[in-house]
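Undergrad: Using only what follows, build the 3D model:
(chains A, B, C and D)
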Amino acid sequence: MSLTETSLKTSETPLGRDDLAKLVARDIAPGSFVNLGIGQPTLVSNYLTEEQNITLHTENGMLGMGPEAKGDQIDGDLINAGKIPVTELPGASYFHHADSFAIMRGGHLDICVLGAFQVSATGDLANWHTGAPGAIPAVGGAMDLATGAKDVFVMMTLLTREGASKIVDACSYPITGVGCVTRAYTDKAVFLIGPDGVSVRETFGCTLEELQDLVPVPLKAAPAAG
Amino acid sequence: MSLTETSLKTSETPLGRDDLAKLVARDIAPGSFVNLGIGQPTLVSNYLTEEQNITLHTENGMLGMGPEAKGDQIDGDLINAGKIPVTELPGASYFHHADSFAIMRGGHLDICVLGAFQVSATGDLANWHTGAPGAIPAVGGAMDLATGAKDVFVMMTLLTREGASKIVDACSYPITGVGCVTRAYTDKAVFLIGPDGVSVRETFGCTLEELQDLVPVPLKAAPAAG
Amino acid sequence: MLNFVDSVQDAVAGIKDGSTVMIGGFGNAGQPFELIDALLDCGATDLTVVNNNAGQGEQGLALLIKEGRVKKMICSFPRQSDSWHFDAKYKAGEIELELVPQGNLAERIRAAGAGIGGFFTPTGYGTMLAEGKETRFLDGKWQVFETPIHADVALVKALKADGKGNLVYRKTARNFGPIMAAAAKHTIVQVSDIVPTGGLDPENVVTPGIYVNSIVKVAGSGSAAEKVA
Amino acid sequence: MLNFVDSVQDAVAGIKDGSTVMIGGFGNAGQPFELIDALLDCGATDLTVVNNNAGQGEQGLALLIKEGRVKKMICSFPRQSDSWHFDAKYKAGEIELELVPQGNLAERIRAAGAGIGGFFTPTGYGTMLAEGKETRFLDGKWQVFETPIHADVALVKALKADGKGNLVYRKTARNFGPIMAAAAKHTIVQVSDIVPTGGLDPENVVTPGIYVNSIVKVAGSGSAAEKVA
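TA: I've put the predicted structure just below:
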């Protein structure tokens, strides 16, 4: 395949946050155990279907987390990692923090979906700290999530407000994990990150050639999925 | 105090196993959490009083173990570390093996009572392996028990069948733990093992001088208990 | 030795200046607010506090920090929209911060309770939080050496205790309680309810009484929801 | 991916020659006898087996050893009054033995499930079981470096499973089940009863379903007492 390949374009316009969440949700294999990071990744839960039978993990100590709690459902003792009240699905379980992070560190989660400031060509993730002088650092579970899941998916806009690519040769922000990201879902394309570099599975509103003009990392078209 | 001190003698004859168990039981502070090793130490449980409020730990995963099960009480899923059916007391709890040994290794047990082949002048314990050529080694929880409890008490006869002292300068058998024994209860004396050597709290059927003739380690009389 | 005390004041009375104090909770869930308030009142200072966060708003840990009683925080997520007291002390150089990834924080606390002298974890490898730390390639990945976090005192909130000090928790309020109870020399627990010995199913005990030293019943502290409301 | 299978034969069918197999149980309590029997029937050989013991009498693991299917045992207590099949193979030099103190065995299995690359433990320091191992002075005592024990397969016995694979155990039959389920790539569980999803209280689940791959109901396998009787 060549850089001028245009069949990758699956949408005429860039994807909005909800369409992107829908795409990620569709890509999660049935029966998976998944952790959705705070912020944009949380949207993915809106598009998981009952048939997919996905079990959501929240690192503060629960498997089988249900949707956000509303009204009478709200219980201060039942919150997610973002400290938002959530609900409990049948078949849920509770455990303490060491057991919860053992689930992640031990590689038992199939997929973790995270936001990002930058993703490098070798899958390094930067999503916890701007590195700005005087900024108070706070890491939470970001490094544990980046390190633990079998697959780490990132959701982000491709470009910063200033127009710089968040897919980079090497992260300029302090990193969260080394070589951990396997896929980046952005408004302009889905990037697959593997041992032989960055390939593009599909593009939204641009051709691969136009995408390459935005991204300072050599791109190639991904082989069609089997 | 001098070696000829005779006031240590609290019994005219050596103690039998049951009397020794009674003595150990009396020395366990109220409210203690205790692990009794397989064999002779198990006898101690017969002499613990309800007022002492002792909680027994068994390393196969239980706190609040009750007496041996009899008749209809026998339940194959409720056994002690010696694989003997036991009972459950009100306020018991069950946990898995890693949590159970964390209780020991973490120093949460007050006292562990063990049998021994030998105890050295610095508190090394040998109780798991004769070291005989061709013997199949088996350690179980012996090393964990020796290492974990705040106090490790040993119960044994002072002399082997061949008449050799089991209180030794240095263990000739393979050791179970280094410097772990704080007290040895024997048929002829109670030995306290501390940073300044071995002292004798009381003797049974012999004087301290007669005891010293049997034991190849310098002995002194322990200061009277406060 | 387990004791049941009548007030949160009595429960925290023995906490000394310079202590390392673990405080359970993640957000409001499982925060022992009443015990923290009593700690504030009792005057102990020069504390090292272990908590996931570094106080929020105008309550609990945030007030301890505001009053200058905390010399060091060991936590994973100090910066929040309402962590202004920590932020101010930190920017003024008046509080020390040891920032630990949340799972490493949990595992280091667990290690202390379990008598583990240190362990290798992949979390944090290659990041600024592992700078200066020993690393080793194990099980096919680079890992960082981390050491246990011990404490003098743990303040924990549970749902119920029985007469033996066995504890059960409620939903995600369980979080750090069980591991902190095991890691501290002296564990103080506030519960909503004390049941007779035998009133908890031995299969369902989460924290065995061996890890608990003082228990105080705090009316209506069952759910963080009430606190928020 | 969780599946419920109809027979112990189907449950173990995928176990390959050369696998490392963890087998739960301490004495008869928690021993998955029916799964072990099926493993014997399925013919897999050249196995490394992790169990607290090394088989007793004329049943279960003892028969696997007798039939020459186990090349290596990792255990804490192989020698028992009725461990004659192990004894014979060991004396004939036909089976390898890695002897591990029981708590180190448990912690090494736990480390594998928890993604810990290695840890320092005081247990065994200065003994022949620590010969050649790295040591370090930590937290005021000498400690020994130990590494995780991973497995291809775990055979576990639990009391009940729900539709999500969550498990609860019974009394001291819990022993190695939860940590082995987490340490193995593929965990096979025999239970006495399968309840609908929602039939186990989320507060009381001991092994979350994420650690379970195959479940088979074995009639009357609830208590080791029945097996003994």
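Undergrad: Could you check how far the residue lying closest to A:Thr55 once chain neighbours are set aside is from A:Ile103?
TA: Leaving aside its sequence neighbours, A:Thr55 sits nearest to A:Phe33 (Cβ to Cβ, 6 or more residues apart in numbering or on different chains; 4.9 Å). No exception for glycine: its C-beta is placed from N, CA and C like everyone else's. The gap separating A:Phe33 from A:Ile103 is 8 Å, by Cβ to Cβ, to the nearest Å.
Undergrad: Name the residue in these two with the higher neighbour count.
TA: Shown here are A:Phe33 and A:Ile103; by other Cβ atoms under 10 Å in any protein chain shown, A:Ile103 has more neighbours (27 against 22).
Undergrad: Looks to me like the more buried one is in a helix.
TA: Yes - read with DSSP: H, G, I helix; E, B strand; the rest coil, A:Ile103 is one of the residues of a helix.
Undergrad: So for it, what's the pLDDT?
TA: A:Ile103 carries a pLDDT value of 98.
Undergrad: Kindly report the same for A:Gly148.
TA: Checking the pLDDT column for A:Gly148, the value is 88.
Undergrad: Name all residues that make contact with the closest residue to it other than its chain neighbours.
TA: Excluding the flanking residues, the one nearest A:Gly148 by Cβ to Cβ, 6+ apart is A:Met104, at 3.3 Å. For A:Met104, the contacting residues are A:35, A:57, A:59, A:112, A:141, A:144-145, A:147-149, C:103, D:115, by Cβ atoms under 8 Å, 6 or more residues apart in numbering or on different chains.
Undergrad: As a markdown table, those residues with secondary structure and neighbour count would be great.
TA: Formatted as a markdown table, the contacts of A:Met104 follow (DSSP: H, G, I helix; E, B strand; the rest coil; neighbours: other Cβ atoms under 10 Å in any protein chain shown):
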| residue | secondary structure | neighbour count |
| --- | --- | --- |
| A:Asn35 | strand | 26 |
| A:His57 | strand | 27 |
| A:Glu59 | coil | 26 |
| A:Cys112 | strand | 28 |
| A:Gly141 | coil | 31 |
| A:Asp144 | helix | 32 |
| A:Leu145 | helix | 34 |
| A:Thr147 | helix | 29 |
| A:Gly148 | helix | 27 |
| A:Ala149 | coil | 26 |
| C:Gly103 | helix | 31 |
| D:Gly115 | coil | 28 |
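Undergrad: so which one among those residues has the lowest pLDDT?
TA: Lowest pLDDT among these: A:Gly148, 88.
Undergrad: what about A:Asp213, neighbour count?
TA: 10.
Undergrad: Could you verify that A:Asp19 is part of a strand?
TA: No - counting by three-state DSSP, A:Asp19 falls outside a strand, being helix.
Undergrad: residues in contact with it?
TA: Counting by Cβ under 8 Å, 6+ apart, A:Asp19 has contacts A:Ser11.
Undergrad: Check which residues of the helix or strand harbouring C:Phe4 are buried.
TA: Element membership of C:Phe4, judged by DSSP states H and E, is strand C:3-5. By 16 or more other Cβ atoms under 10 Å in any protein chain shown, the buried positions in strand C:3-5 come out as C:Val5.
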